[in-house]
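Novice: Return a 3D structure for these sequence lines:
(chains A and B)
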Amino acid sequence: SQQGEEDPQALSIQEGENATMNCSYKTSINNLQWYRQNSGRGLVHLILIRSNEREKHSGRLRVTLDTSKKSSSLLITASRAADTASYFCATGGETSGSRLTFGEGTQLTVNP
Amino acid sequence: GAGVSQSPRYKVAKRGQDVALRCDPISGHVSLFWYQQALGQGPEFLTYFQNEAQLDKSGLPSDRFFAERPEGSVSTLKIQRTQQEDSAVYLCASSTRYSNQPQHFGDGTRLSIL
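Specialist: Below is the predicted model of the structure:
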């Protein structure tokens, strides 16, 4: 079963605008990860934030984590047409053998 | 390339046939995972290997699903007596032995059962 929900389910913006996607989860976690999936391809890891972190940056990506609200957000700044993809949050455990539990994803379309 | 490789990329089978899906993980990755992704949904966990040991198979939907990794590298997911509801993309991922590390995914096998 899915861990939680992502919001919005679909988002359409213009190039140069910022895109914000939200994720909620249900159980205690050790880390939360964001992945991107282009149509017909596998998932590409974007960023991992540990449960004791509140914010993390990587290039144009900014992720926040609020464990008290069991929620996370992914912000993509200055979006590009190449950012068009589905974005998934996934919660993971501490060990290398921990399965990922995914949300249902946000379909982002960036119009040129 | 150095990524996770899956084959075939597409598989069409008639209901009732057996299928085998292959995953070649990143060299040296101890952990290997299989996920099932229905259209428009996020991936769902099927099973996990640490080296050759299958440590978690709680996500396998029925006893028609079987996975193996006999030498701790390549893995095969086998589905016997396929049903239409088995139609999905099957994703393989691998990761290192260290904690809090990302999983690296292959491009998946799209399975269609007619």
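Novice: how near is B:Gly16 to B:Asp24?
Specialist: Separation of B:Gly16 from B:Asp24 (CB to CB, to the nearest Å) stands at 28 Å. For the C-beta atoms, the positions are set from N, CA and C on the backbone; glycine is no exception.
Novice: more crowded one of these two?
Specialist: More neighbours surround B:Asp24 than the other of B:Gly16 and B:Asp24, with 17 against 10 (other CB atoms under 10 Å in any protein chain shown).
Novice: Apart from its chain neighbours, what residue comes closest to the more buried one?
Specialist: Counting by CB to CB, 6 or more residues apart in numbering or on different chains, B:Asp24 lies nearest to B:Ser5, which is 4.2 Å off, once chain neighbours are set aside.
Novice: and what of B:Gln41?
Specialist: Take B:Gln41 and drop its neighbours on the chain: the residue closest to it by CB to CB, 6+ apart is A:Glu104, 5.9 Å away.
Novice: same question, B:Pro43
Specialist: Nearest residue to B:Pro43 in three dimensions, chain neighbours excluded: B:Tyr35, at 3.7 Å (CB to CB, 6+ apart).
Novice: Closest residue of chain B to chain A?
Specialist: Across chain B, no residue is closer to chain A than B:Gly42, which sits at 3.3 Å (CB to the nearest CB).
Novice: what helix or strand does that residue sit in?
Specialist: Assigned by DSSP states H and E, B:Gly42 belongs to neither a helix nor a strand.
Novice: Give me the number of neighbouring residues for it.
Specialist: For B:Gly42, the neighbour count with other CB under 10 Å is 24.
Novice: still on that earlier bit, next, the residue nearest to B:Asp24: phi, psi?
Specialist: phi -110, psi 130 (degrees, to the nearest 10).
Novice: re earlier: which strand residues bridge the nearest residue to the residue of chain B closest to chain A once chain neighbours are set aside?
Specialist: Nearest in space to B:Gly42, with sequence neighbours left out and distances taken as CB to CB, 6+ apart, is A:Phe102 at 3.3 Å. Beta-bridge partners recorded for A:Phe102 (DSSP bridges): A:Ala90.
Novice: where does A:Phe102 land on pLDDT?
Specialist: A:Phe102 is assigned a pLDDT of 93 by the prediction.
Novice: before we move on, back to that, the residue of chain B closest to chain A against A:Tyr87, yeah?
Specialist: No - contact criterion CB atoms under 8 Å: B:Gly42 and A:Tyr87 do not qualify, at 10.3 Å.
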